[in-house]
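Colleague: structure of the sequence below:
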Amino acid sequence: MINELTEEQKKMIPVYANKWTKIGLSTEPLKGYEETINLFYEKILNKKRPTKIILFSSPLQISKLVMEQTGKQINKELRQQTEVQVWEQVMGQVMEQIRKQIGEQVIEQIIEQVAVQIRQVSQIRQLKWQVVHSVEPYIKAEGYLAVYDYLNQVLDIQYPENWFVYKKIIELDLVYPFNDICIILDRPEQISIKNGVLHNETGMAIKYRDGWGVYYLNGVRVTKEIVETPADKLDPEIILKETNVEVRREIVRKIGAERLEMKLKPLVLDRWGDYELHDYSNHFEHMRCRPVYLKMKNPSIGVWHYEGVNINEMEATTCQAALKWRLKGKDFKPIRIT
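Modeller: Below you'll find the model as predicted:
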């Protein structure tokens, strides 16, 4: 039983995290995947080789095809069957070997270090699944693949032969192994990362080869309009129509808090430290609930953002009452972190 890592073994953890981050962020077109798919069908799924393997350029293409050609129940049943086969033929045996030979604290230590480094990959994986709606991939990249690979290659934990087939399948990205046809997703043409999160101020943060893609600012998914419209042309009123707090923050970051207030001219109900309570009723006269926003500064990133509050449920029209409402009736006690 391994209950402690040597210094050399510890140094190898970021190496494997970087390896799988590089795989997850790769923009190289998929090639030579046919034999991997065939082995996966034969050795893990116990099926005949697919008669056709179709490579799609974007998650949107997969979503349209699968939703048109199959029903949700069929998808659910096939996914369950595939997961059972993967567990019986590979992952069940892998987990058994890990439990027998590695202490829990060692596993937690490895997972904690790896998770921080592969968060960009996880964000991109999640995006692809969301695009494909209810049709989840039957074989998807595991967040712990870097951990499993590390345990096998560095700590010499022996896995079943099928592990190496499974690992190659994961490297392909999203896979949908139907009985006669296997659908796989090609890698994006472009992935833009800044400070460890998806970010592109001039275009798509993730762009696929068919032209489809998505826009992100500082790790927050936003619209094409927000990204591609110049800051001085972006209508400040867009912030009053946006319901997502993080998206509003990015709008403020782009437009600037001063220009936003100069354009919209809100009624300032109260000021308290780095907080201000703004009333935008002059822009929305017929709303049932007054459009009141709490302006606050995020101390960790130094950015102003606005959060809507329900003034009808507040004890008073003050910043402190708004903060208390956000905390569901608990008094707000500011803590300065140095």
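Colleague: count the residues that sit near Glu8.
Modeller: Other residues lying near Glu8 total 8 when counted by other CB atoms under 10 Å. Where C-beta positions appear, they are placed from N, C-alpha and C, glycine not excepted.
Colleague: same question for Asp173.
Modeller: When neighbours are defined as other CB under 10 Å, Asp173 has 24 of them.
Colleague: what about it, which helix or strand?
Modeller: Taking DSSP states H and E as the definition, one finds Asp173 inside no helix or strand.
Colleague: likewise Tyr306?
Modeller: Judged by DSSP H and E, Tyr306 forms part of strand 303-309.
Colleague: quick one: the helix or strand just after that strand to chain centroid distance?
Modeller: Downstream of strand 303-309, the next assigned helix or strand under DSSP H and E is helix 319-326. The gap between the average C-alpha position of helix 319-326 and the chain average comes to 31 Å, counting by CA atoms, centre = their mean, to the nearest Å.
Colleague: so helix 319-326 versus strand 303-309, what angle?
Modeller: Inter-element angle recorded for helix 319-326 and strand 303-309: 70 degrees (by axes from the mean of the first three to the mean of the last three CA atoms, to 10 degrees).
Colleague: returning to that earlier point: and the strand holding Tyr306, what does it pack onto?
Modeller: For strand 303-309, the packing partners by 3 or more CB pairs under 8 Å, 6 or more residues apart in numbering; DSSP states H and E come out as helix 245-255, strand 292-298, helix 319-326.
Colleague: a markdown table for the ones you listed, including distance to Lys48 and mean neighbour count?
Modeller: Supplementary listing: those in a markdown table, determined by distance: least, CB to CB, whole Å; neighbours: other CB atoms under 10 Å:
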| stretch | distance to Lys48 | mean neighbour count |
| --- | --- | --- |
| helix 245-255 | 47 | 19 |
| strand 292-298 | 56 | 19 |
| helix 319-326 | 58 | 20 |
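Colleague: surely Tyr159 is in contact with Glu96?
Modeller: No - counting by CB atoms under 8 Å, no contact exists between Tyr159 and Glu96, whose distance comes to 10.1 Å.
Colleague: show me which of these two is the more surrounded one.
Modeller: Tyr159 (19 against 11).
Colleague: helix or strand right after the least confident helix or strand in the chain by mean pLDDT?
Modeller: Least confident helix or strand, the chain: helix 119-131 with a mean of 62, by mean pLDDT, DSSP states H and E. From helix 119-131 onward toward the C-terminus, using DSSP H and E, the following helix or strand is helix 145-153.
Colleague: would you mind splitting this protein into its domains for me?
Modeller: When the chain is parsed with automatic domain parsing, its domains come out as 7-187, 188-228, 235-338.
Colleague: got phi/psi on Met12?
Modeller: According to degrees, to the nearest 10, the main-chain angles of Met12 amount to phi -80, psi -10.
Colleague: that one against Leu151, yeah?
Modeller: No - here Met12 lies out of contact with Leu151, judged by CB under 8 Å, at a distance of 10.8 Å.
Colleague: which one of the two has more residues nearby?
Modeller: When neighbours are counted by other CB under 10 Å, Met12 and Leu151 differ, and Leu151 comes out ahead with 24 against 16.
Colleague: now stretch 47-67: average pLDDT?
Modeller: When pLDDT is averaged over stretch 47-67, the result is 86.
Colleague: can I get that stretch in CSV, CA atoms only?
Modeller: Once side chains and other backbone atoms are set aside, the C-alpha atoms of stretch 47-67 remain, and they are given as CSV (Å, rounded to 0.1, in the frame of the first residue of the first chain):
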residue,chain,number,x,y,z
LYS,A,47,-19.9,-5.5,-30.5
LYS,A,48,-19.1,-5.9,-34.2
ARG,A,49,-17.1,-3.1,-35.8
PRO,A,50,-19.3,-0.2,-36.9
THR,A,51,-20.2,-0.2,-40.6
LYS,A,52,-19.6,3.6,-40.7
ILE,A,53,-17.6,6.1,-38.6
ILE,A,54,-18.7,9.7,-39.0
LEU,A,55,-16.6,12.7,-38.0
PHE,A,56,-18.6,15.8,-37.2
SER,A,57,-17.1,19.3,-37.2
SER,A,58,-19.0,20.8,-34.3
PRO,A,59,-21.3,19.8,-31.3
LEU,A,60,-24.1,21.6,-33.1
GLN,A,61,-24.0,19.2,-36.0
ILE,A,62,-24.1,16.2,-33.6
SER,A,63,-27.0,17.7,-31.8
LYS,A,64,-29.1,18.1,-34.9
LEU,A,65,-28.4,14.7,-36.3
VAL,A,66,-28.8,12.7,-33.1
MET,A,67,-32.0,14.5,-32.0
